[in-house]
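Visitor: for reference, the sequence and a predicted model appear below.
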Amino acid sequence: MNKPFQITYDGTDPIRLDRFLSAEFSDASRSRILQYIKEGRVSVNGKPAVKGGHWLSGGDRIELTLPEERPSALVPEERELDILYEDENTIILNKPAGIVVHPSFGHESGTIVHAVLAHCKDLQSFGGEIRPGVVHRLDRDTSGILILAKNEKSLIFLQSQFKSREIDKRYLALVDGRPPTPVGRIEAPIGRDPRRRQMMAILPADQGRAAVTEYFTKTEYRRHTLLEARLLTGRTHQLRVHFAFLKCPIVADNLYGYRKQSIPLGRHFLHAHKVKVTPPGQTQPSIFEAPLPDELANALKELEPARPE
């Protein structure tokens with residue numbers, strides 16, 4: 001068992017216990033501190049703390065026993081990574097299609113998380129386990145920008161930007177046909193399809209979760225349209241479901257697209273190509289871009305331009 005950390009609060013103004021500990025242990029989020037208190041790992045003046053809102057006074061003695069750090073149960077796996085940015089808090093990758101981000105049933109190995117475990121030697125613990133924190137996810141056959149955190153505070157900081165819509169994330173999607181308008185906004189709730197549980201579907205507002213997508217036409221081809229899409233929410237399969245809802249599904253989408261694919265790609269044409277985000281430890285946002293992979297760029301070259309009206 002770890003030896004308790006002993007700290008004396010020497011301030012003159014009262015301060016909440018959770019805020020004080022969060023400042024003292026900068027790698028632990030406020031929610032993690034509250035979890036430690038709930039688990040009985042924190043005491044004040046020799047008595048167990050029962051709530052994060054306990055007010056400390058000058059001279060109070062606090063003890064915190066951190067959980068034992070344990071290596072990840074996952075086995076690191078060497079894989080070449082296309083790294084767009086990396087520092088002590090964050091790693092931003094250009095993910096290829098065909099790779100799952102996080103281990104799950106049926107995908108116990110060969111994921112991005114396994115590869116990052118092998119690459120990063122400065123990962124810190126999440127709830128006692130040393131592993132990368134997945135800020136957001138991409139479907140297996142979606143390529144492009146993926147953000148992972150190296151410590152819990154960075155994970156919370158990055159996820160809060162997603163929740164407050166401070167992160168501007170753009171996708172390129174080639175769809176069959178045309179959307180109703182060249183520029184548009186889709187507001188249609190998404191939830192689990194009640195009949196086909198492996199799929200998502202548009203549902204009534206009281207059954208699905210709010211989902212909002214903005215799109216902009218980049219290029220019109222004879223039978224296809226290249227769109228740039230911006231996610232304002234992050235529902236599972238959101239872009240795939242929303243464009244299918246508009247009757248212009250993403251090309252080669254084997255779940256939501258046409259049964260007979262107009263372009264046989266071996267993956268769907270969806271790529272996270274640009275993100276504007278403020279990395280932890282910085283005060284200004286940065287823009288990161290990932291070019292279209294060769295198989296998508298080559299597919300565009302083969303398309304017939306739209307005929308002038």
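Guide: Structure's in. What do you need?

Visitor: which residues does the residue nearest to the spatial centre of the chain contact?
Guide: By C-alpha atoms, centre = their mean, the chain has its centre lying nearest to residue 136, at 0.8 Å. Applying C-beta atoms under 8 Å, 6 or more residues apart in numbering to residue 136 gives the contacts 146-147, 162, 169, 234. C-betas here are computed from N, CA, C, even on glycine.

Visitor: who wins for most neighbours among those residues?
Guide: residue 147 (27 neighbours; other C-beta atoms under 10 Å).

Visitor: now do the same for the nearest residue to that residue once chain neighbours are set aside: its pLDDT.
Guide: Take residue 147 and drop its neighbours on the chain: the residue closest to it by C-beta to C-beta, 6 or more residues apart in numbering is residue 135, 4.3 Å away. pLDDT, residue 135: 89.

Visitor: next one: residue 275
Guide: 97.

Visitor: pretty sure it contacts residue 135?
Guide: No - the criterion here is C-beta atoms under 8 Å, and residue 275 misses it with residue 135 at 10.4 Å.

Visitor: need the residues touching each of the two.
Guide: residue 147.

Visitor: in strands only, show me the contacts of residue 136.
Guide: 146-147, 169 (DSSP state E).

Visitor: follow-up on the earlier one: so what's the residue nearest to residue 147 up against?
Guide: 147-149, 155, 158-159, 162.

Visitor: which of those residues sits closest to residue 299?
Guide: Checking those against residue 299 with C-beta to C-beta, the nearest one is residue 147 at 26.4 Å.

Visitor: gap between the closest one and residue 249?
Guide: 27 Å (C-beta to C-beta, to the nearest Å).

Visitor: by mean pLDDT, point me to the weakest helix or strand of this structure.
Guide: strand 70-71 (a mean of 60; mean pLDDT, DSSP states H and E).

Visitor: give the buried residues for the biggest helix by length in the chain.
Guide: The single longest helix within the chain, with elements called by DSSP state H, is helix 152-163. Using 16 or more other C-beta atoms under 10 Å as the test for burial, helix 152-163 gives 152-159, 161-162.

Visitor: counting by contacts, list what it packs against.
Guide: Applying 3 or more C-beta pairs under 8 Å, 6 or more residues apart in numbering; DSSP states H and E, one finds that helix 152-163 makes contact with helix 30-38, strand 125-126, strand 133-134, strand 143-149.
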